[in-house]
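Asker: no sequence on hand, only this structure:
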Ligand SMILES: [Zn+2]
Ligand SMILES: [Zn+2]
């Protein structure tokens, strides 16, 4: 049996951002994960802060459990699922499975599928019943906000092409999610498409929609600064609901019918109502948001009113990561203005604050 290969000296201790409880994250010294035959160890080169990380930090019941939700997280755990790095140690079984070697730059998908449940067995591994996501499960899915990260054998590991610009590598995960959401909308050339909520995922959705060449691509957001960037990235019409009557503008643009496809990533209940208001009959509504509060609306519009096709979107399965890598590598999708802040890992608290406010920032990166 081949031995575990290592690149250079790997220390025994490392710095990491450890989730202990809501509002109790700590920058700690902990052991570098041990590497077995099944494992890849990467030196982490960057980790993005996701909206879900901010929600976890603030104690969202969706993650910590509550009357309506089972507890999802298993703490203490190293935070972070949007990370990439360089392979510095690899076991023989892992090398064979992932087809990567020492020195390769890689990114793992955020989910580590169990490989055994009904969803995994039928190819829908991103809906895995166990649902181990990096950064949320102590032991089985420790995250990447650390100097090193262990990728367990069931990880789905993607290698970057030689020419890949590592400055945009942390955008692969959110872009993968964006691509999956857009694929769910099944966009056609003659469609009028609206993307609402221009955070990191929404900005990726906008650009992925543009690659489908729809008739019109409408960007909707409350921040003019983000709409300006959306126009640079392919939006043909930009609407700010705090300044214009979006419903009236869409009616003008579509001879009163409404948009064919509404892609929603704002996470706000008002974005749902807006979508139901501006979508045409038989339109396709893609919901990719995670909401901070319940949404209340008159559901009659979905059936009796418009016969709307409601499509959920979750994570970034199958070719989403490879497409994200390809589009970033050939420049057809841009991330340089979406990644707005890079902070050293020890400034994680400032990074989370920036990401939570979201007025100056779009995507915030932590660099170990
Ligand atoms: Zn994420
Ligand atoms: Zn599974």
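Answerer: Right, received. Where do you want to start? Since the structure is predicted, the reported quantities are computational estimates derived from the model, not experimental observations. Ligands and ions are numbered 1, 2, ... in the order given.
Asker: tell me the domain ranges of the protein?
Answerer: Using automatic domain parsing, the domain parsing of the chain gives 5-159+338-367, 175-312.
Asker: next to ligand 2, which bits of the stretch 1-150 of the chain? Give me the list.
Answerer: Counting by CB under 5 Å from the ion, the stretch 1-150 of the chain comes close to ligand 2 at 113, 114, 117, 120, 128. To be clear about C-beta, it is placed using only N, CA and C from the backbone, and glycine gets the same treatment.
Asker: farthest pair within those residues?
Answerer: Greatest spatial distance in these: 113 and 117, 8.2 Å, computed using CB to CB.
Asker: have a look at these two and say which one is more surrounded.
Answerer: Taking other CB atoms under 10 Å, residue 113 and residue 117 do not tie; residue 113 has more neighbours (23 against 16).
Asker: got the contact list for the more buried one?
Answerer: For residue 113, the contact set (CB atoms under 8 Å, 6 or more residues apart in numbering) comprises 120, 125, 126, 128, 130, 132, 154, 156.
Asker: pretty sure the fourth one sits against residue 118.
Answerer: No: the pair residue 128 / residue 118 is not scored as a contact, 9.4 Å apart, by CB atoms under 8 Å.
Asker: quick one: which of those two has more around it?
Answerer: Neighbour totals were compared for residue 128 and residue 118, and residue 128 leads with 21 against 10 (other CB under 10 Å).
Asker: scan the protein for its longest helix.
Answerer: In the chain, taking DSSP state H as the definition, the longest helix is helix 172-185.
Asker: so how far is the following helix or strand past that helix from its chain's centroid?
Answerer: Where DSSP states H and E defines the elements, the next helix or strand beyond helix 172-185 is strand 192-196. Remark: strand 192-196 is offset 19 Å from the chain centroid, using CA atoms, centre = their mean, to the nearest Å.
Asker: try stretch 301-320
Answerer: 18 Å.
Asker: now do the buried residues in it.
Answerer: For stretch 301-320, a neighbour-count test (16 or more other CB atoms under 10 Å) marks 301-302, 306, 308-309, 311, 313-318, 320 as buried.
Asker: farthest-separated two in these?
Answerer: Across the buried residues of stretch 301-320, no pair lies farther apart than 301 and 318, at 31.8 Å, counting by CB to CB.
Asker: coming back round to it: among the residues of the stretch 1-150 of the chain next to ligand 2, which ones are in strands?
Answerer: Judged by DSSP state E, strands contain none of these.
Asker: what would those residues look like in a markdown table with pLDDT and distance to residue 59?
Answerer: Shown next, in a markdown table, are those (pLDDT from 0 to 100; distance: CB to CB, whole Å):
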| residue | pLDDT | distance to residue 59 |
| --- | --- | --- |
| 113 | 98 | 27 |
| 114 | 98 | 27 |
| 117 | 98 | 28 |
| 120 | 98 | 30 |
| 128 | 98 | 25 |
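Asker: present these as CSV; the columns should include distance to residue 352.
Answerer: Shown next, in CSV, are these (distance: CB to CB, whole Å):
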residue, distance to residue 352
113, 28
114, 30
117, 32
120, 32
128, 27
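Asker: which ones are touching the residue of the stretch 201-350 of the chain found nearest ligand 2?
Answerer: Nearest residue of the stretch 201-350 of the chain to ligand 2: residue 317, at 12.2 Å (CB to the ion). Residue 317 is in contact with 109, 124, 125, 126, 180, counting by CB under 8 Å, 6+ apart.
Asker: in terms of pLDDT, where does it sit?
Answerer: Residue 317 carries a pLDDT score of 98 in this model.
Asker: ditto for residue 87
Answerer: Residue 87 is assigned 98 on the pLDDT scale.
Asker: same deal with residue 292?
Answerer: 83.
Asker: neighbours around the closest residue to it other than its chain neighbours, how many?
Answerer: Once flanking residues are discounted, residue 292 sits nearest to residue 267: 6.5 Å by CB to CB, 6 or more residues apart in numbering. By the criterion of other CB under 10 Å, residue 267 has 19 neighbours.
Asker: do I have it right that residue 267 meets residue 291?
Answerer: Yes: if you go by CB under 8 Å, residue 267 and residue 291 touch, sitting 5.6 Å apart.
Asker: so where does the spatially closest residue to residue 235 that is not a sequence neighbour fall, helix or strand?
Answerer: Distances taken as CB to CB, 6+ apart place residue 219 nearest to residue 235, at 3.7 Å, with adjacent residues excluded. In this assignment (DSSP H and E), residue 219 forms part of strand 216-220.
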